[in-house]
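J.: Here is the input, now give the coordinates:
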Amino acid sequence: MARYIGPKSKIARKFKEPIFGPDKALEKKAYPPGQHGPNAKRAKKSEYAVQLTEKQKVKYTYGILEKQFALIFGRASRAKGITGEVLLQLIEARLDNVVYRMGISPSRSGARQLVSHRHITVNGNVVNIPSYSLEPGDVIGVREKSKSLETITNSIGTGSNYPWIEFNPTALEGKFVNFPERTQIPENFKEQLIVELYSK
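T.: Now for the predicted structure:
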C-alpha cells in the first residue's frame, strides 16, 4: 500500500484532531470511529499504544510512509540537538510541506502532487521529489508554465505566515529561511513519545 487515500474524517476522529484541516464530521462526532459510537467501552491504552498513536498521527499529518519516517528519524537521532525537535524540523523542511506552508496548495497531498508533476522549482531547477530536503536559503518557486494553473491561483492567499518561510504571492516564489523552532510549529505533537518508541 502507498499513500492513505481512505476517509480522512475517520482518521481525524481516531486522533480526535483535525489533522487534515477543518472537519465538520469531527465537530459533530468528537469521538473515535466504531460501530458502537460514543457509548463504546474503550480499553485503556498501553504505553506502547500511546507512543505508536503519536507516531501514526505525525505520519498521517505529513503523508509520510513508514520507511521514509524511519529514515528521517535515523537522521534526527544522529544530528546534534533534541532528537524529537530535530525530527519535526527535518519533516518541516520537506519540499511538499514547504509548498503547502507557502499556500501554493491548500493541502499537503495537493502540494505533493504539484511537486510530482514537475510544477515546482528549487533554486531555478525543477524538482519532482516531494521528500526533497530543503536547506536554509533555498528558493522555491512555481514553474513559469505552471503559474496560471487554476489549482495554484485559487490556493494563493490560503497559507499562513510562518517565520521560517518568506513568500512573494505575486512572483509565486519564496525562500526557506531556516529550520523552525519547535514553538513555531503549530501542530499538536508529543514528539518525545516517538523518541521513546524508537528507543525500545
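J.: Could I get the contacting residues of the most centrally placed residue in the chain?
T.: In the chain, the residue lying closest to the centroid (CA atoms, centre = their mean) is Tyr62, at 2.7 Å. By CB atoms under 8 Å, 6 or more residues apart in numbering, the contact set of Tyr62 is Ile91, Arg94, Asn97, Arg108. Where C-beta positions appear, they are placed from N, C-alpha and C, glycine not excepted.
J.: Repeat the analysis, applying 10 Å as the threshold.
T.: 19, 68-69, 72, 88, 91-92, 94, 96-97, 100, 108, 112, 131, 187 (CB atoms under 10 Å, 6 or more residues apart in numbering).
J.: ditto for Asn128
T.: Residues counted as contacts of Asn128 (CB under 10 Å, 6+ apart) are Leu95, Leu114, Val115, Ser116, His117, Arg118, His119, Ile120.
J.: swap in Phe189?
T.: Glu17, Glu54, Lys55, Lys57, Val58, Thr61, Gly84, Leu87, Leu88, Ile91, Arg182.
J.: number of nearby residues for the fifth one?
T.: Here the number of neighbours of Val58 (other CB atoms under 10 Å) works out to 21.
J.: which non-adjacent residue is nearest it?
T.: Leaving out its chain neighbours, the residue that sits closest to Val58 by CB to CB, 6 or more residues apart in numbering is Phe189, at 5.8 Å.
J.: how much space between that neighbour and Gly174?
T.: Distance, Phe189 to Gly174, by CB to CB, to the nearest Å: 24 Å.
J.: returning to what we had before: give me the PyMOL select line for the contacts of Phe189, limited to the buried ones.
T.: Those of the contacts of Phe189 that count as buried under 16 or more other CB atoms under 10 Å are selected in PyMOL with:
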select buried, resi 17+54+55+57+58+61+84+87+88+91
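J.: so can I have a markdown table of the contacts of Phe189 showing distance to Ser146 and pLDDT?
T.: Formatted as a markdown table, the contacts of Phe189 follow (distance: CB to CB, whole Å; pLDDT from 0 to 100):
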| residue | distance to Ser146 | pLDDT |
| --- | --- | --- |
| Glu17 | 33 | 62 |
| Glu54 | 36 | 92 |
| Lys55 | 34 | 93 |
| Lys57 | 32 | 90 |
| Val58 | 30 | 93 |
| Thr61 | 26 | 89 |
| Gly84 | 36 | 95 |
| Leu87 | 31 | 96 |
| Leu88 | 29 | 96 |
| Ile91 | 25 | 97 |
| Arg182 | 33 | 93 |
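J.: That's all I had, so thanks and see you.
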